[in-house]
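1. take this sequence and fold it.
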Amino acid sequence: MLKSAAKKMQQQGMLAYVELMMGIVGRGLVAASEVDDVMQKEFGGFAAGTVIQMHVLPDGPGFTLEVGEKGQLRLLKSAPSQVHIGVRFKHLTHAFLVLSFQESTATAFAHDRMYVDGDVSQALRLVRCLNRMEILILPRLVAERAVKRYPDISLSNKLNRGGRIYGHLAKNFLRGE
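-> Numbering: from 1, shown residues only. Prediction:
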């Protein structure tokens with residue numbers, strides 16, 4: 001009985017962490033699309049109105065974004081009936097591994113812990129955007145675990161863009177967006 005209660009608490013803690021991180025990742029992508037020219041160019045490659053969703057199956061935490069006219073993103077409160085690009089984690093534990101930076105997105109995909117619905121080339125564009133955001137906002141030691149290859153980026157560039165992303169992220173959280 002004690003093991004059962006401990007396991008339930010562990011699952012609840014994992015769920016709370018994944019919910020928090022999904023909120024941060026979704027809002028972080030929105031903020032990065034407003035701040036970083038590389039991200040704006042990448043998201044500009046999506047058609048306006050493209051709906052992107054990342055969540056944990058079957059009905060776990062996640063986020064839904066819509067691409068605007070100039071590549072900027074908008075967080076949607078609810079998912080429309082048509083999602084163009086869906087990134088699905090098969091289990092809460094799999095999402096936890098990725099969102100706690102114990103496993104990279106590429107490794108999780110290779111181990112069949114997640115799958116993508118939609119155009120694979122557009123999904124790769126999304127992964128490049130996720131990697132870029134992680135590189136800009138995470139300390140290098142953590143980001144190196146999260147991405148396949150850490151690029152050559154100056155510390156001043158990282159701090160400037162990362163700081164601006166965090167500023168937008170905080171503003172979005174405070175506004176409830």
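2. how about low-confidence regions in the protein?
-> Across the chain, the ranges flagged by pLDDT under 70 are 1-2, 177.
3. centroid-nearest residue for it?
-> Val25 (3.8 Å; C-alpha atoms, centre = their mean).
4. what sits against that residue?
-> Met54, Phe63, Leu99, Leu130, Met133 (C-beta atoms under 8 Å, 6 or more residues apart in numbering). To be clear about C-beta, it is placed using only N, CA and C from the backbone, and glycine gets the same treatment.
5. what do you get if the cut-off is 7 Å, keeping everything else the same?
-> Phe63 (C-beta atoms under 7 Å, 6 or more residues apart in numbering).
6. so which helix or strand takes in it?
-> Following DSSP states H and E, one finds Val25 within helix 2-35.
7. in that helix, what's buried?
-> By neighbour count on 16 or more other C-beta atoms under 10 Å, the buried set for helix 2-35 is 14-15, 17-19, 21-35.
8. likewise for stretch 92-109?
-> 92, 94-99, 101, 103-105, 108-109.
9. I figured Glu103 hits Leu97, correct?
-> Yes. Using C-beta atoms under 7 Å, Glu103 makes contact with Leu97 at a distance of 4.2 Å.
10. any idea how far Ile52 is from Cys129?
-> 9 Å (C-beta to C-beta, to the nearest Å).
11. helix, strand or coil for the nearest residue to Val18 once chain neighbours are set aside?
-> Leaving out its chain neighbours, the residue that sits closest to Val18 by C-beta to C-beta, 6 or more residues apart in numbering is Ala95, at 4.9 Å. Of the three states, Ala95 takes helix under DSSP: H, G, I helix; E, B strand; the rest coil.
12. contacts for stretch 53-64 next, please.
-> 18-19, 22-23, 25-26, 51, 75-76, 79, 83, 86-90, 92, 95.
13. now that stretch: buried residues?
-> Buried-residue list, stretch 53-64, by 16+ other C-beta under 10 Å: Gln53, Met54, His55, Val56, Gly60, Pro61, Gly62, Phe63, Thr64.
14. done for today, thanks.
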